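1. With the sequence up front, the predicted model follows.
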Amino acid sequence: MPQDVVGNVFEKLIPPEERHALGQYFTREDLVDLINAFCIQTKDAKVIDPTCGTGTFLIRGYDRLKTLGEKTHTTLLSHLWGFDVAHFPAELATINLYRQNIEDYRNFPRILSKDFFDIKPTDSFKFPPPKSTGNTDFMIEEKLPAFDAAVGNFPYIRQELIEKRLKGYKEKLGRTLAHGWMKEYPDLFDSKGNLNLSGQADVYAYLFFHTARFLKEDGGRLGIVTSNSWLDVAYGYELQRFFLKNFKIIAILESRCEPWFEDAAINTVVTILERIPLNPSP
């Protein structure tokens, strides 16, 4: 059986129109394993999935780290971080990782139900591990590490639906990118400080920029499933320029033989990039 059994169940519970609107699709394990193999290269790698859903990338990442030599359940969990804006799938991701070893009382997956655009690389979070005593105040505080790998399946939400669901959300995304990249990568902004990224950009384009802030600047790898539209639409230009200036392109993959997501109405690609130190414009 697939390791992420609850992920398969969860996908069937979401009404089809809601899945299409929010871009929520279960990623098959063979594709996840391929992406993880590109990005998780050592047993000490720290891994983040910014839109983790029920945790397929993290569960398979757990196995990948184990295969590379890390055997301790507590250490494996400390290397894996996931965020999801929806509470229910985040809970399922926690269960998926927790059940890898239910005997360890220090068993607390680093999964948070939060909008990833509200997260900063310097943030710390408190987690309630399973209690061995009645002390309900016992919490463990964890700081976000610099990540060796960011993997996942970014949701595909058309730009016209973003404002329809949350008024002012695109302005928030612009402020988030300005906070993270104004000094380090000024090419993304015009002389007045406005974002050069087209207003037609879908949410995954913003996620690429924001996720890059959490990677190690020299060698951190990004392995993400998205719509292939960034390769040939107008807003893809700024994304392409960002990739070429700040990453080595390891691979861009597509499947013309079989669809990765049978119910999705879009074509998808996997983008594998390796971060290089920033070279700010003079």
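-> Structure's in. What do you need? Residues are numbered from 1 along each chain as shown.

2. Does Ile111 fall in a helix, a strand, or a coil region?
-> strand (DSSP: H, G, I helix; E, B strand; the rest coil).

3. I'd like the distance between it and Asp30.
-> Counting by Cβ to Cβ, to the nearest Å, the gap from Ile111 to Asp30 is 23 Å. Where you see a C-beta, it was placed from the backbone N, CA and C, and this is true even at glycine.

4. Who has more neighbours out of those two?
-> Ile111 (28 against 9; other Cβ atoms under 10 Å).

5. any idea how far that one is from Gly199?
-> For Ile111, the distance to Gly199 - Cβ to Cβ - is 33 Å.

6. Equivalent analysis for Asp84, please.
-> Distance, Asp84 to Gly199, using Cβ to Cβ: 26 Å.

7. More neighbours: which of those two?
-> Neighbour count, other Cβ under 10 Å: between Asp84 and Gly199, Asp84 has more, with 27 against 11.

8. Roughly how far does the closest residue to that one other than its chain neighbours sit from Asp115?
-> Distances taken as Cβ to Cβ, 6 or more residues apart in numbering put Ala90 closest to Asp84, at 4.3 Å, once the chain neighbours are dropped. The gap separating Ala90 from Asp115 is 11 Å, by Cβ to Cβ.

9. Look at those two and report which has more neighbours.
-> Higher neighbour count among Ala90 and Asp115: Ala90, with 22 against 16, using other Cβ under 10 Å.

10. Now do the contacts for that one.
-> For Ala90, the contact set (Cβ atoms under 8 Å, 6 or more residues apart in numbering) comprises Cys52, Gly82, Phe83, Asp84, Ile111, Leu112, Ser113.

11. Same question for Asn246.
-> Asn246 sits next to Tyr185, Ala212, Arg275, Ile276, Leu278 when contact means Cβ under 8 Å, 6+ apart.

12. Among these, which one is most surrounded by other residues?
-> When neighbours are counted by other Cβ under 10 Å, Ala212 leads the contacts of Asn246 with 23 neighbours.

13. What count of nearby residues applies to Leu112?
-> Residues near Leu112, counting by other Cβ under 10 Å: 18.

14. On the pLDDT front, check it for me.
-> For Leu112, the pLDDT comes out at 95.

15. can you give me the helices for this structure?
-> Remark: helices assigned in the chain by DSSP state H are 5-13, 16-22, 29-39, 56-68, 73-78, 87-98, 159-165, 169-181, 203-212, 236-246.

16. residues touching Gly114, list them.
-> For the record, residue 114 is Lys, not Gly. Phe83, Asp84, Val85.

17. typo on my end, it should be Ala146
-> By Cβ under 8 Å, 6+ apart, the contact set of Ala146 is Lys46, Pro121, Phe214, Leu215, Lys216, Glu217, Gly220.

18. Show the buried residues in the residues you listed.
-> Neighbour-count burial (16 or more other Cβ atoms under 10 Å) applied to the contacts of Ala146 gives Lys46, Phe214, Leu215, Lys216, Gly220.

19. My read is that the second one contacts Ile48, right?
-> So that's Phe214. Yes: using Cβ atoms under 8 Å, Phe214 makes contact with Ile48 at a distance of 5.9 Å.

20. hey, what's in contact with both of those two?
-> Residues touching both Phe214 and Ile48 (Cβ under 8 Å, 6+ apart): Phe147, Ala150.

21. tell me the centre residue of this structure?
-> For the chain, the residue nearest the mean C-alpha position is Pro50 (2.7 Å; Cα atoms, centre = their mean).

22. Any stretches of the chain with poor pLDDT?
-> Scanning the chain for pLDDT under 70 picks out the ranges 1-25, 129-137, 158-161, 163-165, 257-266, 278-282.

23. same thing but 50
-> Under the criterion pLDDT under 50, the flagged ranges of the chain are 1, 19-23, 264, 280-282.

24. so how far is Phe116 from the residue nearest to the centre of the chain?
-> Per Cβ to Cβ, Pro50 is found 4 Å from Phe116.
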